[in-house]
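**Q** Build me a structure from this.
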Amino acid sequence: MAGIEAITEEILQDAQKEADKIIDSAREQAEEIRNAARTDAEKIRQKAASRTEHDLAVYSERLQSQKEMRRRQAVLSAKQKMIGEAIEKAYARLAEQDEADYFSMLEGILQREAEEGQTGEILFGKRDLERLPVDFEEKANRAAVKKNGSLTVSRTPADIENGFVLRYGGIDENCSLRALFEEKRETLQDIVNKILW
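**A** Numbers count the residues shown, from 1 in each chain. Here you go, the predicted model:
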């Protein structure tokens, strides 16, 4: 839990720094916009005194709306960037776990993803295949047997970075960490968004 709190604290600090930059930039832009508005307003007053109040109000409202829109866009962009970075950090942490934790996590994913009553094979990426624990195939098959199926580990590496691919009768189910993260991206974004804001 301390690791999650540290990650959360780091993310919050990064988010605050980014938000401060955005706010400072927005203030500078607002000042530039105000200066431009004052100059334009004086020209309008000189050309059409009778329409000054109306034109100034319309113009000021438009500037305020643009300013607010830019501010919202900048905040949204910063949030999306921070959320994406947080998700990538979480992905990297999972992928870089020590081998025991990493393969234990993969075993849990396999237990969840193994199909009922099917015989198939598991394909790992080259790196994972080379460091695969000796008893992993036995554990994988036990998980499949619980679902009335069977699994073997293919010695042919899959074209994935980490995680595995389940192959049943020529149909592949991509269970790589990247695919699982992409599948849950919206949910992960919502979770990170709630943590940050």
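**Q** phi, psi of T119?
**A** Torsion angles at T119 (phi, psi; degrees, to the nearest 10) stand at phi -110, psi 130.
**Q** try P133
**A** phi -60, psi 150.
**Q** Which stretches in the protein count as helices?
**A** Applying DSSP state H to the chain gives helices spanning 2-47, 52-95, 99-113, 126-130, 136-145, 177-183, 185-196.
**Q** of all those helices, which lies closest to G120?
**A** The stretch from these with the least distance to G120 (C-beta to C-beta) is helix 136-145; that distance is 7.6 Å. (C-beta placed from N, C-alpha, C; glycine too.)
**Q** Report the angle between the closest one and helix 99-113.
**A** Between helix 136-145 and helix 99-113, the angle comes out at 20 degrees (axes from the mean of the first three to the mean of the last three C-alpha atoms, to 10 degrees).
**Q** Could you chop this protein up by domain?
**A** 2-95, 99-183 (automatic domain parsing).
**Q** Can you check which of the ones you listed gets nearest to K194?
**A** K194 sits nearest to domain 2-95 of all these, at 10.5 Å, using C-beta to C-beta.
**Q** Which of the helices of the chain sits closest to G163?
**A** G163 lies closest to helix 177-183 among those, at 4.5 Å (C-beta to C-beta).
**Q** tell me what that closest one is packed against?
**A** Using 3 or more C-beta pairs under 8 Å, 6 or more residues apart in numbering; DSSP states H and E, the elements in contact with helix 177-183 are helix 52-95, strand 163-168.
**Q** Identify the residues contacting it?
**A** Here helix 177-183 makes contact (C-beta atoms under 8 Å, 6 or more residues apart in numbering) with 87, 91, 94-95, 109, 160-163, 188.
**Q** give me that answer again for 7 Å
**A** 87, 91, 94-95, 161-163, 188 (C-beta atoms under 7 Å, 6 or more residues apart in numbering).
**Q** I'd like the average pLDDT over it.
**A** Averaging pLDDT along helix 177-183 yields 88.
**Q** can you give me how far it is from the chain middle?
**A** 10 Å (C-alpha atoms, centre = their mean, to the nearest Å).
**Q** buried sites along that helix?
**A** Within helix 177-183, the residues that qualify as buried are 177, 180-181, counting by 16 or more other C-beta atoms under 10 Å.
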